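any chance you could fold what I've pasted below:
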Amino acid sequence: MVWRSVVISQPAKLKREHYSLVVEQAQAARVPFEDIAVIMLNHREITLTHPVLSACGEYGIGLFSTGDNHQPNGVFTPFLSHSRATRMLRLQLDIGRPRAKRAWAEIVKAKIANQAACLSMAGKDGADRLESYARRVRSGDTGRMEAQAAAYYFPQLFGRSFDRSQETWTNAALDYGYAVLRGAIARGLVAHGLLPSVGLFHASEQTAFNLADDLIEPFRPLVDLHVVRNLRPADADSQDLSPADKVALVALLNADVRMPRGQMTVLAAVEQATEALVRLFDAGGEDVLELPRVIGLRQHPVEA
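Numbers count the residues shown, from 1 in each chain. Prediction:
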């Protein structure tokens, strides 16, 4: 199934009519709730009714808000939508550290392998070095191969002067894309009864999305590939994303990735990866994990 991502960048009123979201602007648009995965509110003059929020909970829709800098700053996710949420919480809390550390190593390997693939698809050097890093990852990533890979990868992809702390278009685009992915993953975790704040590796007391921050790692290079392929000379002196930039970043949720069970959209891959996490917590080994392989930026074809 290909879900829709609704991005609203102009003043609008959102309301519910039966089973559809109605977006009232100069011309009204209607979208069935069952077709929507995420809604991005990207303007200060957007109002919505309580029935819209209720429908987001009912249909498992992630609703994003944005701040004054137009970056996502919040996400509404369904509340305890799974009948076995308490059981899943106990399983998350009880997972043994050796199993959690081995699972984290598999996630890191997949992330670094995707970074290598991203370099190759972007026509950059260094993929072989990253692939060697992936092969050297051990339980718990005690050798800090993830950090070593990142220190090498970003300058190879965006240039030697690149730094993630810079206020640039590139970093704004990366942050926006990562935030959208993070919210979509949090939505999937909640839908399967998992608590996003309890992670395998990430354990910050200041975030409610530690498990989402674990699972997002192999998906990040997809955003990186989009950003490096869409850099323009005018972006060098700009920090602002255009509405088209934001729409394209949200649309990555419908880009194809390869999963162990076949090729599918990012949203579908998140569902499968989350189902595999459930099996991991329910006494499965790290071999049950299903993680994505980045294969490009092609949008999944919409069936007629």
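
CA only for contacts and neighbour counts going forward, please
OK.

quick check: phi and psi on Ser204?
Backbone torsions for Ser204, taken as degrees, to the nearest 10, come to phi -70, psi 140.

which ones are touching the residue lying closest to it once chain neighbours are set aside?
With CA to CA, 6 or more residues apart in numbering as the measure, Asn210 is the residue that lies nearest to Ser204, at 6.8 Å, once sequence neighbours are left out. Going by CA atoms under 8 Å, 6 or more residues apart in numbering, Asn210 touches 196-204.

quick one: low-confidence parts of this protein?
Scanning the chain for pLDDT under 70 picks out the ranges 1-2, 70, 79-85, 206, 234-237, 302-304.

grab the most central residue of it for me.
Leu181 (1.7 Å; CA atoms, centre = their mean).

and that one, which helix or strand is it part of?
helix 169-191 (DSSP states H and E).

what is the subsequent helix or strand relative to that helix?
Along the chain past helix 169-191, the next helix or strand (assigned with DSSP H and E) turns out to be helix 210-215.

list the helices and strands the helix or strand just after that next one packs on?
Beyond helix 210-215 in the direction of the C-terminus, DSSP H and E gives the next helix or strand as helix 220-229. Packing partners of helix 220-229 (3 or more CA pairs under 8 Å, 6 or more residues apart in numbering; DSSP states H and E): helix 97-121, helix 169-191, strand 293-299.

buried stuff in helix 220-229?
220-228 (16 or more other CA atoms under 10 Å).

now, among these, which is nearest to Gly159?
Using CA to CA, Val228 is the member of the buried residues of helix 220-229 that sits closest to Gly159, with 10.4 Å.

check contacts around the closest one.
Counting by CA under 8 Å, 6+ apart, the residues that Val228 touches are 122, 157-158, 170.

weed out the non-buried ones from those residues.
The neighbour-count criterion (16+ other CA under 10 Å) marks 122, 157-158, 170 among the contacts of Val228 as buried.

now these in JSON lines, with distance to Leu291?
Below are the buried ones among the contacts of Val228 laid out as JSON lines (distance: CA to CA, whole Å):
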{"residue": "Ala122", "distance to Leu291": "21"}
{"residue": "Leu157", "distance to Leu291": "23"}
{"residue": "Phe158", "distance to Leu291": "25"}
{"residue": "Thr170", "distance to Leu291": "26"}
